[in-house]
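Peer 1: Return a 3D structure for these sequence lines:
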Amino acid sequence: MSAPTTVRRALTGWGRTSPGVAEVAGIRSPEDVVALLAAGVPGRGVLPRGLGRSYGDAAQSSGGLVLDMTGCDRVLSVDTEQAVVRVEAGVDLDRLTRVLLPLGLWLPVVPGTRQVTVGGAIAADVHGKNHHVAGSFGAHVLELDLVTVDGKTHTLGPDGLDAALFWATVGGMGLTGVVVRATLACLRTETSYAVVVTERCRDLDHLLERLEEGEDPALPYSVAWFDAMARGRRLGRAVLTRGRLATRDDLPRRLARDPVRLPPTGGGPAFPIVPAGLVTRGTGMAFNELWYRKAPARPTTDVQSIGAFFQPLDGVRDWNRAYGPRGFCQYQCVVPFAEVDAFRRAVSLIAASGHPACLNVLKRMGPTGRGLLSFPAPGWTLAVDVPVRPGLERLFGQLDDLVLAAGGRVYLAKDARLPGGHLEEMYPRLGEFRAVRAAVDPDGILVSDLSRRLLG
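Peer 2: This next block holds a predicted model:
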């Protein structure tokens, strides 16, 4: 079989910062991956890429060869009795949702967008609103097929002789090989809706108090939007939402007629190009005020589509354009529960910085997973999207210092600028990861702009 042809393209992450130019090959099958690796790799290395929804430079390799996996996207089988699906790695979570829901199945863990490939979800070990209950995506991968740089295909599971390579791949940011197939455990559901409880929290302490009171097992999904610009007595005011998958009996009559209604196709209207950027201090403050005020003053319960509850931003295509041509960075960190004062200082620092931030999320995280470079760890996590402007690097550097001192870490799938020296302090199993990577790729052929920046 001949190797796929390549096209020279400029690539960025979702934040639209730090572009890089690479040769991009469209992969249509696992055999294409084997053929390309057998044909030889350019001196700047090779890297798999999905839909490019990591925010920084994790899925680009300047001067190298990038494998666009989105064409390797077949759903191979669905076992409804065992609630298991087998797919090629390029299938995205949106399409997989459309296949599974009519069969009464869904994924146990979903991130804030369905525009992510299964391979990308494994590489970043994505997490969702139920991490404290269900762990991250990798905890539900039963098996994966990984093509290493020698062209060999390895079938890996979470336990057994090859478990170390499996857990280096889950959360390994594509640096151990190319995931070409995966078998996933599924969750049973009667509907495509969620029962959602919404309430306001007047400030950060009120929000943390509500979350510390214990998770309601009947509402396994929880997340808070918080105002990252409010200060003083309003610091960290928030809208807290908790939910569960709805049963047929939960649905009002008009929805019960079609209990598994699928999300609209096409991702909704495209966001217009805004040359100067829409997110400024003025618009940010106005948005935050409106978002807080539109939430009910008293807790309310309603039924929402899974798209509205789990992935509301998927309703607007290219929403990243709102930040203008210079793009934006997301800072996502997790800080141990015992270091809540450091977490409060981080929120105060963001609010006092003067940088506009509208899409801000706060959650509780559950136990640490088995992935050697997986992000989730027990503690508080926050994520803020901030447009690129002068002073941003100083703010993020101050946040780094707080997170490091507290024993926390930043999320590599969201990072675009972390200094390399911080990685070993934040990820205590980095040495194990380096050893596994060296064993399967001794010449460092699998490489990304992120790995050059952080791993050398």
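
Peer 1: And the pLDDT at residue 307?
Peer 2: If you check residue 307, the pLDDT there is 93.

Peer 1: Determine the three-state secondary structure at it.
Peer 2: helix (DSSP: H, G, I helix; E, B strand; the rest coil).

Peer 1: Can you tell me the closest non-neighbouring residue to it?
Peer 2: residue 263 (4.0 Å; CB to CB, 6 or more residues apart in numbering). Using the backbone N, CA and C atoms, a C-beta is placed for each residue, glycine as well.

Peer 1: contacting residues for that neighbour?
Peer 2: Taking CB atoms under 8 Å, 6 or more residues apart in numbering as the contact definition, residue 263 lies against 94, 97-98, 114, 192, 305-307, 314.

Peer 1: how does the chain divide into domains?
Peer 2: 72-189, 193-416 (automatic domain parsing).

Peer 1: Quick one: end-to-end distance for the longest one.
Peer 2: Right, the one you point to is domain 193-416. Terminal residues of domain 193-416 lie 35 Å apart, using CA to CA, to the nearest Å.

Peer 1: ok, now stretch 348-361?
Peer 2: 15 Å.

Peer 1: in it, what counts as buried?
Peer 2: Residues of stretch 348-361 classed as buried: 350-351, 353, 355-361 (neighbour count, 16 or more other CB atoms under 10 Å).

Peer 1: The strand or helix carrying residue 384 pairs with which strands, and in what direction?
Peer 2: Following DSSP states H and E, the helix or strand that holds residue 384 is strand 379-387. The pairing partners recorded for strand 379-387 under DSSP bridges are strand 328-335 (antiparallel), strand 360-365 (antiparallel).

Peer 1: Could you point out the helix or strand that follows that strand?
Peer 2: helix 392-405.

Peer 1: which helices and strands does that following helix pack with?
Peer 2: strand 328-335, helix 340-352, strand 409-410, helix 423-426 (3 or more CB pairs under 8 Å, 6 or more residues apart in numbering; DSSP states H and E).

Peer 1: How far does that helix sit from its chain's centre?
Peer 2: 21 Å (CA atoms, centre = their mean, to the nearest Å).

Peer 1: Next one: the closest residue to residue 16 other than its chain neighbours from residue 281, what distance?
Peer 2: Using CB to CB, 6+ apart and skipping residues adjacent in sequence, the residue nearest residue 16 is residue 327, 3.4 Å away. Counting by CB to CB, to the nearest Å, the gap from residue 327 to residue 281 is 18 Å.

Peer 1: Residue 298 too?
Peer 2: The value you get for residue 298 to residue 281, if CB to CB is used, is 31 Å.

Peer 1: which of the two has more neighbours?
Peer 2: Higher neighbour count among residue 298 and residue 281: residue 281, with 13 against 7, using other CB atoms under 10 Å.

Peer 1: That one against residue 354, yeah?
Peer 2: Yes: between residue 281 and residue 354 there is a contact under CB atoms under 8 Å: 6.5 Å.

Peer 1: before we move on, which element is the residue positioned nearest the centre of the chain in?
Peer 2: With distances taken as CA atoms, centre = their mean, the chain has residue 126 as the residue nearest its mean C-alpha position (4.6 Å). Counting by DSSP H and E, no helix or strand carries residue 126.

Peer 1: so who does it touch?
Peer 2: 109, 111, 116, 120, 136-137, 413.

Peer 1: Export these as CSV, with columns for pLDDT and neighbour count.
Peer 2: Putting the contacts of residue 126 into CSV (pLDDT from 0 to 100; neighbours: other CB atoms under 10 Å) gives the following:
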residue, pLDDT, neighbour count
109, 98, 23
111, 97, 22
116, 98, 26
120, 98, 31
136, 98, 29
137, 98, 32
413, 98, 27
